[in-house]
Structure formats: C-alpha cells, structure tokens
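Novice: Take this sequence and fold it.
(2 chains)
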Amino acid sequence: MVEGARLVPKGYLGKNRRFSACRSSDMSVLRLKRGHDITLEGCPEKKLVNPGRPFSLAVCPPDFRGIRPKMMAKEGDHVRRGQPLFYCKDHDGLVFTAPGSGTISRIVYGERRSLRKVIIDTDRIDSCEEFKAFKEDRIPELKPETVRSILLQSGLWPVIRERPFSSVANPGRKPKAVFVPAMSTAPFAPDVDFILEHDGRGFQAGLTVLRKLAGSPVHLVMGEHSTSPLLSGAQDVTIHRVSGPHPAGNVGIHIHHILPIRHRDDIVWYVSLQDVLRIGRLFLDGRLPVEKIVTVGGLNVEKRGYVKVKQGMMLRDILEGNAIKPESRLISGDVLTGFKSVPEDFLGFYHDTISVIPENNRRDFFGWLSPGRHSYSVTNLFVSKLFNNNNTAIDTRMHGSPRVIIPFGNIESVLPMDLLPTFLIKMILARDIDEMEKLGIYECDPEDFALCSFVDASKMEISDIIRQGLEYVQKNG
Amino acid sequence: MKGIRAFLDGIEPHFNSGGKWERYAPLYEMVDTIFYVPGTATAIAPHIRDAVDIKRSMFTVLIALLPALFFGIYNVGYQADPEAGFLQHMLSGGRAVVPMILVSYTVGGLWEVLFAVIRRHEINEGFLVTGLLFPMILPPDMPLWMVAAGISFGIVIGKEVTGGTGFNIFNPALVARAFVFFAYPAEMTGDPVWSLAGEMTAATPLAVAASVQNGDAGLLVSQAGYSFGEMFLGLVPGSVGGTSKLAVILGAVILVGSRIANWRIIAGGLIGLFGAALLANMLAPASGNTMLSLSPLSHLLAGGFAFGLVFMATDPVSAAQTDRGRWIYGVLIGVLCVMIRVLNQAFAEGIMLAILLGNAFAPMIDYFVLRRHIARRRMAYEKQ
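Specialist: Numbers count the residues shown, from 1 in each chain, chains lettered A, B, ... in the order given. Next up is the predicted model:
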C-alpha cells in the first residue's frame, strides 16, 4: 500500500477537487465521484451453468489490435489445443494457437484479404500440446525468459495488452508497470468475488508470473467492498482499492490515477482478472487453459446467469437452450463497448459478457415534449429522474439526431479523469497531434469514453472519435 | 397521428440525396423530428443512449423562460395603465409582446432555414431560444420592423457568418439587441420607450439613479417610488422579460437544477457584481458620481442584470467552456456590468455590453485555463 501511495505523483491525486477524486486518509481508498452506473434490467443471476460441448471454436484476428496475422496452418489441417494457427508478422514469436483440438474447417477472409476468422470443427475428445508444468512453490523461482517463451509458445501471450493504444503487448519491450483490474463496474460484467469463489486456482501463480515477466510492479486494483481473501491477501503486488460508479472499474481510469501514461513509449501492461487465472493455470498444469466464465444478461434473453465457456465459442452454443426474443440485439461484450453480433458469431477474445437487449427504432410522437416518465436519462431533464430512472426502458434507440458540440457539461459529468474532454475531442477532429498529446490522448481509450457517448446531447460518437484520434496519433505521431 | 407519419414517410424520398427537393433536406429533418423523435438505432458501441438530445435541452430553456415571459406580458400592460385590472393588463401586454415574438420567430426562422439550406447544415434548436430571448430584452414599445431588422442582424452576423449554432462567439440575441441599440438609439433609450402609453414617461430605476450628479442613488430610486419589493417582483418599467427578479429566480432554479446553465457562471457573476459595487460604494464619497453610491442589492434588483446573467451569460456556446474559466468569466461580467453602469451613464443598463465583452474574452480565458491545465499535467508527469 505504501509503495502505491509513493508511486502516485504528488498533486496528481486528491489534493484538488477538480480531479473529482480523493483518497480518504484512513483506508486509502481512491474514491471516484464522476461516472454513472446504468440501471439495466435483466441482470445475470449468480448461478453458474455449463453449456454442452462446442462443435466449433474460432480465433478472430480482428479481436487483437495492432496484429498483422499470417497463417501457419491450412484449411483441413488437424490441430491440437495450443498448436499455432497464425503468427504476427511483426514478431515471429508471437503466435496465436488453437483453443481446442479439431480440424480447421474454414478460414474466412474479409476485404483486401484481411484474415477475419479461423474456424475449427472440434474433436470429440480434446488433445493438447504439452508445455512445461511447475509446482506452485517453484513458480517464484521462474526466470523471465522461461515465462516469456512459455507464454509466447502456448499462445496465451495475447491476454497481455498494453497502453497506450490497447494493442497486444509487444514482447520485445518492458512495461513500467502491470495493471490487473479486479473490479467490475460495466453493465452485466461478471462479479469478481463470484468468479474467485467459484475457482480461484492459479490466481496467485498468475500474479507472480506477471511480476517475474515484467520485472516491474504489478498493481492489483480491487473494489472497495470486495471480500475475496485471494485479492486482499495477494502477494508480489501493490494493492489499490477504488470505489465509484462506472467507469471506475476500467483499467484506463486506474492507470490514469495511479501511474499515468506520459508519452507514446511510456508503456503499461494490463491483464484481466480471468486471464491472470489462465496464466497461472498454464504454468501449474502445462496445458493451454481456455475456459472462462462469462455472464449472459439483458431483458431479451430467457435465462440470465453465469456460463462457463471456452475461448472462441460460438454465441449460439453458449446460448443453447436459452431463448432470445425477436427484435433483440445480441452483443458480444457489454452494452457500452461490445460488438453487435449474430448467433453465428464467436465470443470476442477479451469479452466476458454477452448482452441481449431490445432492438427498437420506434418513433415517439412529440417525444421530446413528453414529461418522460419512461425515458432513461442521466440528466435532470426528465420526470423519470424523480423516480431514480425506475421503470424506464433502455433499448437501442439514439433518441435524437446528430448536432454540433454544445458544451452543456454532460460529457464531463461521467468522466472521472483529469482531462478536458471537450477540447480533446475538438483537437482530434482538427487532427492536431501536438495538442492531442498535450491534452493527454495517450491516457485515453475508447472504453473509458463510452459513457460520454451515452450521455452526449449532440449524439456524437465520442468513443469512436477517441478511437480515431488514437489511430491517427499512432500512425502519424 | 398515423396520417402525419404516413405523409412524412411519403414525401421523405424527395428529400433524400438524389430526390427533387434534396437541397431542402434540413427543412424536412426539422419538421420530421419535431413531430417524431428520430427512429435511428445505434450503429456502433455504445449500443444504448441517454434519452437527452438538443431539442430536449433547448426546450427546457424555453420552459425556464416562461415565468419571465408571462410576468413580462402582465407588467407591460400594468405599466401602461396600473388601474386597468389583471385581464386588461394581460390583454394589452399580450397585444404588444406577442407580435414581437411572432416577428422574431418568423424572420429569424427564415434566415435560419435559408442558411441551413445553403450551408447544408441541420437546423439547430438553439434558434428557439434566441428567437424568444430577443423580444424579451427589448423595450415593449419597439416598432416591429426594428424587431425584424434586429433579429436578422443577430442571426446572420451574430451566428451564421461564423458557422451557425455552436460556432458563434457572441450570444446572438445580444448581438441583435446591441445592433438595435446603436442603430436606433431613439427607440431604445430615453424614458418614453419603456411604456406603451405614449404620453406617460417612466424612467427605469437605473435611469433614475443615474439622473442627478452628487446625489444618493438609493434615495433617488426610492423617491421615484421604486421599493426593493417592487423591483424584486418586477412591477417597474424595463425590458419586456427582465424586470421580475422572482421570475428570473424561478428560471434559474430550472436551469441550474437541470444543469443546462452552469451555476459557476451565475455564482461568479453575483460575486463580481457585489464586489465591484461595494468597491464603488467605498469610492462614492470622493466623487460626484451618484451611481457610485448605488448599493449592491440595488444593482442586482434594478435593471436586467439578473435576467442577463441567468439566461444569456450562461449560454454554453458563447461562455467560457472550462470550469475554472466559467468562474473567471462570471466574475468578469459582474464587474464589467457595474463598471459600465457607473462610469458611463449614457448606458444606464450595463449588462448587455458586459456580457458581450465577457463573450469576447471567453476564448482567451479558456486559452489560459487550457495552458495551465497542460502545464500542470506536465508537472505531474515529471514528478512520476
């Protein structure tokens, strides 16, 4: 805890109300005030189910930012779990492996022959590539080179991502820190305590492995009220406690408040909680672990709960025996950042939520004039606010048409970062790299601005503007 | 209701690209979205959106203006003939004010549509506010053609030449008022303009206070028959919407409560006004300038300061756009208003010029706040 406090640059936290954040002195909890927890109906129940055996699994290169894939296997080849499918042209050693054994049934290409999907028809009995396994007590003695090569060979390396730009971590560079966000605030996101309670095997091993690999501090960020002993008793890490509404659980917000990214070569790695478990299990078992727990939530799906799935499963297989109402939008990921999908699509590599919400394009007569008892809004402009947005319906409607920027302050009210988002957006639209850098573009990620898109009265796609800005800076900076 | 939808859907293809009325697409968009909230669904993440939009936000401003408007109509009738009774007050007030609003909306609306069609941008709802604000800050006796000339100048020069709503430097309604103020001084200044009854002249409280040298401003105001209570309620001569501080407070509660207006600007403005007026009071004994002795409360209650601060200085586009900048901008407006009222008694009402000057300084205030923000970021980075 002491170390974490020291790492925080003086004056960057707490001191000033304008940061909308403060650390209370007694418990050292970083309390974020700005943000909003969207009250969505159809929360997943805390009940874990196992779906049947998947008939097909896929690896989709577009899931991995910053990767230029080159195939290593052909259609019709038989592969085992953990056997390479394709590699990244920029790093020969960075391979992406099969999440299960079977035959490569189809390789799907998109525009300009970009690799979209590698689909495997799975075997009845799974066979695996064997990697070196270690006893729990031997893990602290591992060498960084061993860790690196096992992670790369097994194809589990891509679970490590880096900021800025949220791409797969570059194996050739060292980060200044590793972040593990163990706190979920996104709508329908799986509860961290529930996952660790169900099976926390490999968590400590994973953290130790990351510490060895990176050679820099590992920051574990947990929610204020998290009770899991695995989190509070974790070794080899600096523990931080954070509280506040979404996006307080996003890793970008944690990095911003704990160890902000100063320039494009100031690298921070981050790994999600379930992927830390997977890293630990890889080293304990010597096999590529592909299981993870996802939530299924939303008003338009019949059974909502936690499902134990395999990486790259088809959404239809995950939702087997679970009815989806007509006029629904199926999303791989959460409603703020996920991908619009059809049941034949595959679960995104980094996603741990499947959301099914009502699709709607109904047009209300004089809707903007109505008192708005059933309109969900963060602003105080609708009667529903008096009822705490109870009994309001959220669906996929835009509720308005695009307009120019009028800075009412909606955007700022949901962004718990010491940034000036309106000016940053203007500089991105103007493609002014110099100003974007000065205003902190490297600290930004589209997912942290998703709520800004949500509340904006001008209906601008702010998340997407941030994404464009990052891409532009990455390419031309 | 089905009929309207069917009709709108029927004519929509003509306005789409390639249709025969393609150029008038903004017009169609306006009518279509007035009747029906747009039916588009989200295309990319986030997949859900807040119900708020610009229409709703601007409409809230209109609601906040309603108390001041209704009281203004009543007061215009009351000032013309205090003995006539409530109904008569509303009728004669309405006869004067409603045509002004209609002219403002019609002429301003025409310009708005013309520019939307030529410049190919959407028709922004911000105009609904400008079109109502302008007549509310005019004297009730204003010839209608001047209302038309003023709103034309306000929309075209104040807004459209710099790119339309969202790109304007100055508050368009105030640009319009400044134009008629300087172009037709006879109809905008002096005592007779504030009352409908031609033979009756009524000086506004501020004009009274500024009328005599070496006097006590507070005494002059109360001798003219204007008590604090009357000035608070608004039963004094003045611009159509600006006299009642009670109505302004109601509007302010709506605007601040809904966070459409930023409270920092209003708080800053009050601080600036009180600070500057107290300073002036201290200087009063050393000078023959009567206005120096006007108390802060009188500054607040007399004239249109409260109305301007709540409804016009808080325009999010022409105000400063950073939180710290909003404080500075608010204080600046408060101070400037007192300075103009005190130092230049030709402009007994200082708030219009104070806000326009504040608008002019807002980008510079933001610039410095932004540089400081960047410098602080850099310092925090270096300490890491």
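Novice: And the residue of the stretch 1-150 of chain B closest to chain A?
Specialist: B:D53 (2.6 Å; Cβ to the nearest Cβ). Where C-beta positions appear, they are placed from N, C-alpha and C, glycine not excepted.
Novice: now that residue: how far from B:L297?
Specialist: 40 Å (Cβ to Cβ, to the nearest Å).
Novice: Who has more neighbours out of those two?
Specialist: Each of B:D53 and B:L297 has its neighbours counted (other Cβ atoms under 10 Å in any protein chain shown); B:D53 has more, 27 against 15.
Novice: Identify the residue spatially nearest to the more buried one, adjacent ones excluded.
Specialist: Counting by Cβ to Cβ, 6 or more residues apart in numbering or on different chains, the nearest residue to B:D53 once its immediate chain neighbours are dropped is A:G400, at 2.6 Å.
Novice: you'd agree the one you found is up against B:Y36?
Specialist: No: counting by Cβ atoms under 8 Å, A:G400 does not reach B:Y36; the two are 11.5 Å apart.
Novice: so where does the closest residue to B:I249 other than its chain neighbours fall, helix or strand?
Specialist: Distance criterion Cβ to Cβ, 6+ apart; nearest residue to B:I249, sequence neighbours excluded, is B:A306 at 7.8 Å. Using DSSP states H and E, B:A306 falls within helix B:305-307.
Novice: does any part of the helix or strand that that helix is followed by sit near chain A?
Specialist: Counting by DSSP H and E, the element after helix B:305-307 in chain order, helix or strand, is helix B:323-343. Yes: judged by Cβ under 8 Å from any Cβ of the partner chain, helix B:323-343 comes into contact with chain A through B:323-324.
Novice: what's the average pLDDT for helix B:323-343?
Specialist: Average pLDDT, helix B:323-343: 93.
Novice: Then stretch B:34-44?
Specialist: Stretch B:34-44 shows a mean pLDDT of 83.
Novice: what sits against the nearest residue to B:L357 once chain neighbours are set aside?
Specialist: Computed as Cβ to Cβ, 6+ apart, the closest residue to B:L357 that is not its neighbour in sequence is B:L336, at 5.5 Å. Counting by Cβ atoms under 8 Å, 6 or more residues apart in numbering or on different chains, B:L336 touches B:272, B:350, B:353-354, B:357-358.
Novice: Repeat that for B:L309.
Specialist: The contact partners of B:L309, taken as Cβ under 8 Å, 6+ apart, are B:265-266, B:269-270, B:330, B:333-334, B:351, B:355.
Novice: Quickly find the element holding the residue in the stretch 101-250 of chain B that chain A sits nearest to.
Specialist: Nearest residue of the stretch 101-250 of chain B to chain A: B:G166, at 3.3 Å (Cβ to the nearest Cβ). Secondary structure from DSSP H and E places B:G166 outside every helix and strand.
Novice: Measure how buried it is and give me the count.
Specialist: A count of neighbours around B:G166, defined by other Cβ under 10 Å, yields 19.
Novice: quick revisit: who's more crowded, A:G400 and B:Y36?
Specialist: The residue with more neighbours, out of A:G400 and B:Y36, is A:G400; 25 against 20, by other Cβ under 10 Å.
Novice: which SS state does the more buried one fall under?
Specialist: coil (DSSP: H, G, I helix; E, B strand; the rest coil).
Novice: How about A:V95?
Specialist: Under three-state DSSP, A:V95 falls in the strand class.
Novice: Give the bridge partners for it, please.
Specialist: A:Y87 (DSSP bridges).
Novice: Do you know the pLDDT at it?
Specialist: 94.
Novice: how near is it to B:I4?
Specialist: Plainly put, A:V95 is 60 Å away from B:I4 if you go by Cβ to Cβ.
Novice: More neighbours: these two, which one.
Specialist: Using other Cβ under 10 Å, the more surrounded residue of A:V95 and B:I4 is A:V95, with 20 against 13.
Novice: Could I get the contacting residues of the more buried one?
Specialist: By Cβ under 8 Å, 6+ apart, the contact list for A:V95 reads A:72, A:84-88, A:152-153, A:155.
Novice: Name the nearest of these relative to chain B.
Specialist: A:C88 (25.2 Å).
Novice: Now that the closest one has come up, it's in contact with A:M71, right?
Specialist: No: judged on Cβ under 8 Å, A:C88 makes no contact with A:M71 at a distance of 11.7 Å.
Novice: more neighbours, those two?
Specialist: A:C88 (22 against 17).
Novice: Tell me the confidence at the nearest residue to the residue of the stretch 101-250 of chain B closest to chain A once chain neighbours are set aside?
Specialist: In space, and not counting its chain neighbours, B:G166 is closest to A:V404: 3.3 Å by Cβ to Cβ, 6+ apart. For A:V404, the model assigns a pLDDT of 89.
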